[in-house]
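In: Below is the sequence, then the predicted model.
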Amino acid sequence: MNSIYSLDTLQELKEYLEKQDQKSLREELINEFLKFAEYKNASDWNNAVKICESLAIIGWGEHEPLQAVKGMFFNGNPETYL
């Protein structure tokens, strides 16, 4: 998992993921995602986003796909949700 978090671009992430056993990696990513699904800080949010990006590349399998969304409230405050 640390390898995934350290990659900077989506292209690097895609190349790394394509070299892995995707079935076992998918389950590992889903389990890791469950740790960060209820993120409490920016670091947790960043990890959840990286996992969502990874699963978007290799597929969510039997799990319902989610998307990490960052937006802004009408008053300018940031809003994030999965």
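Out: Nice, thanks for sending it over.
In: can you point me to the longest helix in this protein?
Out: Longest helix in the chain, counting residues (DSSP state H): helix 42-58.
In: Could you give the separation of the helix or strand following that helix from the chain centroid?
Out: Next in sequence after helix 42-58, counting helices and strands by DSSP states H and E, comes strand 69-72. From the chain centre to the centre of strand 69-72 is a distance of 15 Å (C-alpha atoms, centre = their mean, to the nearest Å).
In: Which elements pack onto strand 69-72?
Out: Identification of packing neighbours for strand 69-72 by 3 or more C-beta pairs under 8 Å, 6 or more residues apart in numbering; DSSP states H and E yields strand 78-81. Where you see a C-beta, it was placed from the backbone N, CA and C, and this is true even at glycine.
In: Please list the residues outside stretch 66-75 that contact it.
Out: Under the criterion C-beta atoms under 8 Å, 6 or more residues apart in numbering, residues 45, 48-49, 52-53, 56, 60, 78-82 lie in contact with stretch 66-75.
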